[in-house]
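[1] Build me a model:
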Amino acid sequence: MNHSCSPNCETQKWTVNGDVRIGLFALCDIEAGNRRKTCHCGSDNCSGFLGVQPTSTRVVMEKEERSKNAKLKPKKRKLRPEGKHTHEYFCFHCGEGGELVMCDRKDCPKAYHLLCLNLTKPPHGRWECPWHDCSICGASASSLCDFCPRSFCRDHEAGALTASSLDYRLCCSNHNPLSPLGSVSTQPRLFDRSPVRVKEESEAGRPAKE
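    The predicted model follows:
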């Protein structure tokens, strides 16, 4: 790729799962081993190649000064950054992509459509998804379905989940244990029984009303 009068590439803006991405696409066949073009402008601060920003003498001197000062200062022990909290790209309720609300609970990768949560706007503050609350009474869940957001507390977990043929992962009655990923025509909507319970925290850290 180059910045000549006849460039061999162009950029295109795409939207992927709601995020803006910039892609670089060839405008013509580019030979293997094609390298960047050498610059012959003859300037004192020439970078040597087309498209590479030249470095001024002042910037070079500042970098050298910072390098000298860094050697004099005692090195601090670097802390290992925490793992990035990643989420799934598809709604855990309907399995479709689009704009999703993401669970803020640690290590929970689930995300949902607002419509699937029976919400009209995103919840404010820290929000935990319905997968962590019993689908029957709303208490803290102890058993989870691996294929939908249904979950159950200790009082309601007896007989609610079955080991499926897919690595013995637990599934609720909404799924066929022999084919838990298959569609079930008579599967009820998750939140038809009871309204969604939204746990939120205000900016001051106090729990908000549900």
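[2] any idea how far His113 lies from Arg154?
    30 Å (Cβ to Cβ, to the nearest Å). The way it works is simple: take the backbone N, C-alpha and C, and place the C-beta from them, glycine included.
[3] quick one: which of those two has more around it?
    His113 (18 against 12; other Cβ atoms under 10 Å).
[4] so who does the nearest residue to that one once chain neighbours are set aside touch?
    Distance criterion Cβ to Cβ, 6 or more residues apart in numbering; nearest residue to His113, sequence neighbours excluded, is Cys91 at 4.8 Å. Residues near Cys91 by Cβ atoms under 8 Å, 6 or more residues apart in numbering: Gly97, Gly98, Leu100, Ala111, Tyr112, His113, Cys116.
[5] What does the pLDDT read for the residue nearest to the last one when sequence neighbours are not counted?
    Closest residue to Cys116 apart from its sequence neighbours, by Cβ to Cβ, 6+ apart: His93 at 3.9 Å. His93 carries a pLDDT score of 85 in this model.
[6] State the number of residues packed around Pro130.
    26.
[7] My guess is it contacts Cys145. True?
    No - with contact defined as Cβ atoms under 8 Å, Pro130 does not reach Cys145; the gap is 11.3 Å.
[8] any idea of the mean pLDDT for stretch 129-145?
    The model assigns stretch 129-145 a mean pLDDT of 90.
[9] Mind listing what's buried along stretch 87-107?
    Phe90, Cys91, Phe92, His93, Leu100, Val101, Met102, Cys103, Asp104, Arg105 (16 or more other Cβ atoms under 10 Å).
[10] swap that for stretch 164-172, sorry
    Result for stretch 164-172 [16+ other Cβ under 10 Å]: buried residues Ser164, Leu170, Cys171, Cys172.
[11] got it, and stretch 112-127?
    Tyr112, His113, Leu114, Cys116, Leu117, Pro123, Gly125, Arg126, Trp127.
[12] Can I get it as CSV, trimmed to CA atoms?
    Output of stretch 112-127 as CSV, limited to C-alpha atoms (Å, rounded to 0.1, in the frame of the first residue of the first chain):
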residue,chain,number,x,y,z
TYR,A,112,-29.3,-9.6,25.3
HIS,A,113,-31.6,-7.5,23.1
LEU,A,114,-33.6,-4.9,24.9
LEU,A,115,-36.8,-6.4,23.4
CYS,A,116,-35.9,-9.8,24.7
LEU,A,117,-35.6,-8.3,28.2
ASN,A,118,-38.9,-6.5,27.9
LEU,A,119,-37.0,-3.2,28.3
THR,A,120,-37.4,0.0,26.3
LYS,A,121,-34.0,1.6,27.2
PRO,A,122,-30.7,0.3,28.6
PRO,A,123,-30.5,-0.1,32.4
HIS,A,124,-28.4,2.4,34.2
GLY,A,125,-25.5,1.6,36.6
ARG,A,126,-24.3,-1.9,37.2
TRP,A,127,-26.6,-4.5,35.7
